[in-house]
Structure formats: C-alpha cells, structure tokens
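Visitor: generate a structure from the sequence data that follows.
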Amino acid sequence: MTGLVAKMLAWQLAVTTLFAAAFFFASGEMHAIAALVGGGIAIVSSMYFAARTLAVPRDAGPDRMLAALMRGQVMKWLLAIVMFVFAAMHLGEQFLALILTYMANTSVYWVALLWLPAQRGN
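Guide: Predicted structure coming up:
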C-alpha cells in the first residue's frame, strides 16, 4: 500500500507544479505562490493522514484500524483548516488559485481509486 501512497503523493506534486506554472504564466508570481501553497496544504495533509493510518500494524483489530482512520481524518481536516486560515490571511487576493489547486489535488484521491485494484495484485 505504501507504493500507492507514494504514487498518489507524486501525482499531487505534479498537479501542484502544473497549476503553479499555469497560474504563473496567466496571473503572475503571487498567484503561482498561492497555487504552490494550495498544493502544499493538500500534500502535507495527505502525508499526515498516510503516516497516521499506516502506523497501525496490519494485524491490528478492526476497531483499532477504524479508530486510526477516524483520528487521522479528523486531524487531517484540522491541519488543513489551520493551514487554510494562515494562507487566507496572507494570500487573500490570490485565494482562488490556492483553492483551485487544492481541489485539483483532492481529485487525485478519486483517480487513486482506479489504481487500487492493480495494487492488490502486487
């Protein structure tokens, strides 16, 4: 499963880079920075969630696994909220670039679901 996580994070980095470049050429440096921050929020929160949930041993019971998933998701949301508030305070005029890049990175999760069946066979 860690291969899937690495692949997903790599795709999030690629999406962030693509959006930052597009915003740089379309709207300038500050919008590119905002896009990088939006992508960074998605990547950091994804890395936190992955680290939190993958820390549970495979032989742990379902209750323990579910608890780790729930705590990881709640903490991921709280972490994202704190980062969004900080970003909005400093990049308010470029917030659209930030949120669009974050949303694009979030869509990587949906694409990752397509990779999941292929990962099970490995």
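
Visitor: give the helix, strand or coil label for the residue nearest to the spatial centre of the chain.
Guide: Residue closest to the mean C-alpha point of the chain, counted by Cα atoms, centre = their mean, is residue 42 at 2.8 Å. Secondary structure assignment for residue 42 (DSSP: H, G, I helix; E, B strand; the rest coil): helix.

Visitor: ok, it touching residue 16?
Guide: Yes - contact criterion Cβ atoms under 8 Å: residue 42 and residue 16 qualify, at 7.4 Å. Just so you know, the C-beta spots here come from the backbone N, C-alpha and C atoms, and that holds for glycine as well.

Visitor: any common contacting residues for these two?
Guide: Residues touching both residue 42 and residue 16 by Cβ atoms under 8 Å, 6 or more residues apart in numbering: 101, 105.

Visitor: can you report phi and psi for the closest residue to residue 64 other than its chain neighbours?
Guide: Once flanking residues are discounted, residue 64 sits nearest to residue 56: 6.1 Å by Cβ to Cβ, 6 or more residues apart in numbering. When read as degrees, to the nearest 10, the backbone of residue 56 gives phi -80, psi 130.
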